[in-house]
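**Student:** Take this sequence and fold it.
(3 chains)
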Amino acid sequence: MGMLDPIKGFGVTFSTMFKKVVTEEYPEVFYPTAPRYHGRHQLNRHPDGLEKCVGCELCAWACPADAIFVEGADNTEEERYSPGERYGKNYQINYLRCIGCGLCIEACPTRSLTMLNFYELADDDRQKLIYTKEDLLAPLLPGMEAPPHPMRLGDDEQDYYVRGPELARQAGQDRQSSEVSAQ
Amino acid sequence: MADTASKTDPLTPVLTKRWLSPKSWRLATYEQLEGYTAIRKALRMTPEEIVELVKEAGLRGRGGAGFPAGVKWSFMPQNEDKPHYLVINADEGEPGTCKDVPLMMADPHSLIEGCIIASYAMRAHRCFIYVRGEALHCIRRLNSAIREAYAAGYLGKNILDSGFDLDITVHAGAGAYICGEETALLDSLEGRRGQPRLKPPFPAAAGLYAKPTTVNNVETIATVPYIINGGADWFRSMGTEKSPGPKIYSISGHVERPGQYEAPLGTTLRQLLEMAGGMKDGIPLKFWTPGGSSTPLLTAAHLDVPLDFEGAAEAGSMLGTTAVMVFNETVSVPWAVMKWTKFYEHESCGKCTPCREGTYWLAQILERLVEGRGTEEDIETMLDVCDNILGRSFCALGDGAVSPIQSGIKYFRDEFVALCEANKRELVGASA
Amino acid sequence: MTLAHQKPSETAQTEVPEGHVRLTIDGQEVIAPKGELVIRTAERMGIVIPRFCDHPLLDPAGACRQCLVEVSMGGRPMPKPQASCTITVADGMEVKTQLTSPVADKAQKGVMELLLINHPLDCPICDKGGECPLQNQAMAHGRTDSRFVDRKRTFPKPLKISTQILLDRERCVLCQRCTRFSQQIAGDPFIDLLERGAQQQIGTSETAELEKSASHTPDGTPFQSYFSGNTIQICPVGALTSAQYRFRSRPFDLVSSPSVCEHCSSGCAERTDFRRGRIMRKLAGDDPDVNEEWICDKGRFAFRYTTARDRIRKPLVRGEDGELHEASWPEAMRLAAEALLKARDGKGIGVLTGGRLTLEDAYAYQKFARVAARTNDIDFRARAHSAEELQFLAAQVAGTTPEHVSFASLEKAPIVLCVAFEPEDEAPIVFLRLRKAARKMGTRVAFVGQWTTSSVRKTSGELLACEPGGEAAALDGIAEHAKDIVEALSAEGAVILVGERAATMPGLFAAVQRLAERTGARVAWIPRRAGERGALDAGAVPTLLPGGAPVTDAGARAALEKLWRLPEGSLPAEPGRDTAGILAAAAAGELDALVVGGVDPDDLPDPRAAREALDKVGFVLSLEMRPSAVTERADVVLPIAPTAEKAGTFRNWEGRDRPFEVTLQNTGAVPDCRVLDTLAVEMDVDLFTQTPKAARADFVRAANSVTRPAATPVEAAPEAEQAKAETNGHVKLSTWRQLIDNGSLQVEEPHLAGTARPAVLRLNEATAQRHGIVPGEPATIRTERGELSFPAEIADLPDDVVWVPSRSPVGVYEALGVGHGGLVQLSAGTAAGAESAEGPAGETGGAA
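**Tutor:** Numbers count the residues shown, from 1 in each chain, chains lettered A, B, ... in the order given. This is a model prediction of the structure:
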């Protein structure tokens, strides 16, 4: 060990003090993820607020980690949650099991299930990490109405699926115009 | 009835000979014109002798398939431990065909006389005439003719003191093309849904009410009295070796004098057109069907095809019911084919997948094509779908449904392609 | 293929057995019985030809055309591909399936494509998704892209064709399996094809949806069949679904286990599918000896009693306040044991068990009675019963096996005579066999009853009509009235079936035995409940030990004492009291305690007396699943496991054991035999019935250690209350339970309940006119005890006889105090306004 070796060590320390830091200042600073980052799931809604989920369980079928539980039920005229006959009555994702692979959202036939970029999925209670339908449903945007309610965009579900994008655009415009008028 | 209008050589008025007599449908007229003479002769023969005579004459079924009538009759059991039935198929529904209804209108007694002889030959004591429900006038006329025959002792118990009993019942169908198929007809006659039955068992073993039954066309049965009177050799003097006898050709469409023309089997379209006064307004022939829309259509190139069972088959078509529909140059083939296909779509009974779904699909493609919204791919798809229906369906309705399409594309593909061309230009224009 | 050409010379030497033919399928030679369908022969060889309409138990239809194959006969190819589900094998036939024939392959693919053009893309929301033959077939052989770009045929959906069955006409591939099942197997042609072509659809006569359609009738009938659930199971697509299972789960969620139906004495094989500890559905199992592939709707849909909200899951003990409170098992056991020990040493204990018990549980009950309670006061017959019946059961039924009479022997029988037995309501699978026998084998079916019921009609049966209660006389007179039936009964294989209702008719069992002896016909007893036959053989009756030896048989008792390691002479030697006797004794204070398992007082001939007895007796121990009239009066209630949560065996009416394993594991529920075993230990007695397996082993040893005595003649009971002379304007009551009614195992099944037959009062035209009753209008029957009203319906009953269902929904015994054969007053109008309604109703009746 040479005489200057201790000073050499300090040299490294000193030089590093003037370099750009590699650590992230999370949670003080919240960095955005890549746009397609597989974060928390969301159950989307039709423009009128009805749920897109039809309770088909294809997400649960696709899930390699068996993290999803779904149970379907019958829509009735009095109590309607989604267009068509069937809706997801019970929907749970267990984030202790979820590996974020995204196979579920690929399986979803109605584009109900998508993934957000939200990644803060930690807790000190295992029970809390089983997200239920209430946790996963997308928030109600302006113009949306909390189900159950009758179909507002047409007489049958074809109107939601076939004319869906157009209706969504329309609803978006309505929203914008209402916002403008509100301002 | 225009048969007397042109007295050219090939006409052989046998079945139609009384049609223009005044009140030809009355018993008196019929009896004057040697009516009910054949049964007197027949009832002195044994049933086997009659069957043998009909076999010798070579009478082939006039309903479309051309199955030898005598052979069909010989399938009936010889004993009488179960009731036997004769059922007359008068559910004339094939597009273009109108020979049975005029026959029953003009000369119902010849059918009744035929029924008596055929029933006697098959040991049947009950005969049903299943008439297409729309032909109400015809049902009335048949019924009144039967009443006359009962009154004169030609029907009922102990006919002409021969000890033979026969009752005839006229049954009105409810208007379904499929009920012209013999087993569907039997189901319909039993009061069930008119859909074809599984064969075997064949009607001769278990037909109407599961009893031995023979189903024959009106024209076939109406021919029988003439064979009894005239003999096999006389009958064979007309027509061809394998398809002997006279036949009523129903000529419709673009001809000067459409109507029923009775001519020997094997007459050509050229001859028929001559009888019918040629093409209407002289516009040239484009295509025609030899025996209704279920038979593949033919073109002007087939003018000299002999119209008998063999000749039509050789030309790639079928004789069918000899419903000759003639179309001139003004008619679009895809349009005609579309109309026919919509008929089959409407009339498919729904029992089997290929016919039910296939006709539904084909009709939509053709409609689209005719409206100019088709592509050349659609033509290929249609041919493939036709291939998937032909020979795959439960009964012959499916086969018949694809005939106009397949033959239409075969002879007139250009017209189908031309319809797509317009669409293609439009598509290209739209994308540009 | 080259092999096929070499082989014939080789295999030509193998003999073709009589009645068989030799053919080749895909180049392989095979010998098949004449008349077999090609599709079945191929299946036996492991060559699966896809199909939708074909079903082995239905007549061929040839509708779907999916199973097309290429066939040549004697080297000559047939011009068209043939449907292998309709063509039978023939000698020298050469079949090429899709595996070897491009033509067949193309044909099948073509049909597949055509089937899909009008099929909606419903797979994600369809109940059949994941187990759908059409889906599988499309995945395996279908095109990846559709060439169909035009309009699909659509229908409004779903269509309710009954409260249980929903029809989705868009998904239907029109294979006609459901309609053929309904017409051929069940005889309930309530659904059929309507319209034609692409608009062809399944429907009922009331599918009012198509108002403009020609097929619509406003006064039609829904799909009201006891067997409608089978159509869901055989539907090759998701066109028919049940309201009960709709959207509840996916095949991959489900754990399936084989099970046995607990609802009637047929003992059908079932498959129970559960998800996360809850039963989701039941399907028919395939057992050719018993239920073939069918089950009734009750067996299929009635299972939610196991998850009923009010299910008792913890022991209950009646507290100082007179209410039941939850208690721990040890505490409840201690209390029960103490009370029972006191009662045993006092005036004694009676044991009443119902019809739901397994063989093992019944065995445990009788052992508990004989060893722990030291009494023969045990009876499984929680219904009308008689001493004559017990004699008959001991002499004719106990210990018989399927070799005596079985489902198969019903098919072979030249005649089956049903006495006091309504098969469709009491044992639906027996009914299906009778119908099959009548339809396929030409078996004559005759009924001794009151009217031409649907069972009579659908088995092409003959009705030997008699007054209710006059069945015994009718049987005795059969030689005069219906000589041909006696002759037929004398032929080899003839069968007489007796229902449990016979116990209400004095002298009938004796008459049956006389007729059987006279003709040589074999007799079988078909009880209504699943556990009755097992309970009889297990010895849960006052006069018989396990294995059918009488309790009076000292040798048998000694053998059992040795087997059970009891002191000599400790088994009670006196025959015990029957259900009625036990209840009477309890009411009279001659018993100190009752142990009751699965008894519904409303089934008993005198429900009020039964409830009174339960009220009066010092101590009542109830082993139950759900609150009942018994638990209301019990001092200690011990929860026991429903069938799905325990193992066991039902012995069906044939005497065939139908063992089953636990379906839902680890629910914490314990079977009766285990509860009784522990209770007995608490009373310082060992029953060795801790588990059903142990109980069964003990039963087998016990049954083998005794000998059943030879059959003894049945003595006719003295004709009770021969009131024939003075009817005083009364009418006679005929009654039995309908399959779907208010039974305790059918709770929480609203969809099933909706398919129950409407409760009506049936009577003949003359009787109706005499009493001023108008069909469709209410009519009332009345006794001193009470009254019952139903809409009236005309049927071919004898004069002055009315028929009502026993428990739809009100119990006839409870309301009127009389049962089958009883006398009631009849009047028009509803119960409340009967008096006032009598006048005007009479006038309208007269006018009509």
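
**Student:** Any idea how many residues pack against whatever residue of the stretch 251-400 of chain B ends up closest to chain A?
**Tutor:** At 18.1 Å from chain A, residue B:364 is the closest residue in the stretch 251-400 of chain B, using CB to the nearest CB. Quick note: C-beta positions are derived from backbone N, CA and C, even for glycine. Residue B:364 sits with 21 neighbouring residues when counted by other CB atoms under 10 Å in any protein chain shown.

**Student:** Check the contact between it and residue C:153; I expect there is one.
**Tutor:** No - Residue B:364 lies out of contact with residue C:153 (CB atoms under 8 Å); the separation is 10.2 Å.

**Student:** one step back: the residue of the stretch 251-400 of chain B closest to chain A - nearest residue in space that isn't next to it in sequence?
**Tutor:** residue C:150 (3.8 Å; CB to CB, 6 or more residues apart in numbering or on different chains).

**Student:** And for the one you found, the neighbour number?
**Tutor:** Residue C:150 has 13 nearby residues by other CB under 10 Å.

**Student:** and it, what element?
**Tutor:** Residue C:150 is part of no helix or strand, with elements assigned from DSSP states H and E.

**Student:** Give me the distance between it and residue C:201.
**Tutor:** As judged by CB to CB, to the nearest Å, residue C:150 and residue C:201 stand 19 Å apart.

**Student:** where do the strands sit along chain A?
**Tutor:** A:41-43, A:68-74, A:86-94, A:113-115, A:130-131 (DSSP state E).

**Student:** Now render the ones you listed as CSV, adding mean pLDDT, mean neighbour count and distance to residue C:533.
**Tutor:** Shown next, in CSV, are these (pLDDT from 0 to 100; neighbours: other CB atoms under 10 Å in any protein chain shown; distance: least, CB to CB, whole Å):
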stretch, mean pLDDT, mean neighbour count, distance to residue C:533
strand A:41-43, 96, 22, 53
strand A:68-74, 95, 20, 39
strand A:86-94, 96, 21, 42
strand A:113-115, 96, 19, 53
strand A:130-131, 96, 17, 48
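
**Student:** So for chain B, which of those sits nearest?
**Tutor:** strand A:86-94 (26.4 Å).

**Student:** Against which helices or strands is that closest one packed?
**Tutor:** Packed against strand A:86-94, as judged by 3 or more CB pairs under 8 Å, 6 or more residues apart in numbering or on different chains; DSSP states H and E, are the following elements: strand A:41-43, strand A:68-74, strand A:130-131, helix A:133-136.

**Student:** Could you dump these into JSON lines with distance to chain B added?
**Tutor:** Below are these laid out as JSON lines (distance: least, CB to the nearest CB, whole Å):
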{"stretch": "strand A:41-43", "distance to chain B": "37"}
{"stretch": "strand A:68-74", "distance to chain B": "30"}
{"stretch": "strand A:130-131", "distance to chain B": "45"}
{"stretch": "helix A:133-136", "distance to chain B": "40"}
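
**Student:** Would you tell me which of those gets closest to residue B:152?
**Tutor:** strand A:68-74 (69.6 Å; CB to CB).

**Student:** Quick check: buried residues in stretch C:729-739?
**Tutor:** Neighbour-count burial for stretch C:729-739 flags C:730-739 (criterion: 16 or more other CB atoms under 10 Å in any protein chain shown).

**Student:** Residue C:649: which of those residues is nearest?
**Tutor:** residue C:739 (23.5 Å).

**Student:** so residue B:384, which of the three states?
**Tutor:** Taken by DSSP: H, G, I helix; E, B strand; the rest coil, the conformation at residue B:384 corresponds to helix.

**Student:** Mind splitting chain B into its structural domains?
**Tutor:** Per the record, chain B has its domains at B:34-236, B:246-328, B:333-431, by automatic domain parsing.

**Student:** beta partners of the most centrally placed residue in chain A?
**Tutor:** The centre of chain A sits closest to residue A:42, judged by CA atoms, centre = their mean, with a distance of 2.6 Å. Taking DSSP bridges as the rule, residue A:42 bridges to residue A:114.

**Student:** got a list of what it touches?
**Tutor:** Counting by CB atoms under 8 Å, 6 or more residues apart in numbering or on different chains, residue A:42 makes contact with A:113-116, A:136-138.

**Student:** so where is the chain shaky, pLDDT-wise?
**Tutor:** Defaulting to chain A. Residues of chain A that meet the criterion pLDDT under 70 lie in A:1, A:171-183.

**Student:** ah, no, chain C please
**Tutor:** Short version for chain C, where the test is pLDDT under 70: C:1-13, C:207-220, C:718-727, C:831-848.

**Student:** cutoff 50 now
**Tutor:** C:1-11, C:208, C:211, C:721, C:723, C:725, C:833-848 (pLDDT under 50).

**Student:** what about residue C:819, distance to residue C:737?
**Tutor:** On the measure of CB to CB, residue C:819 and residue C:737 end up 11 Å apart.

**Student:** what's the answer for residue C:81, then?
**Tutor:** For residue C:81 relative to residue C:737 (CB to CB), the value is 52 Å.

**Student:** Then residue A:45?
**Tutor:** 51 Å.

**Student:** Residue B:106 too?
**Tutor:** 67 Å.

**Student:** Having no further points to raise, I will conclude here.
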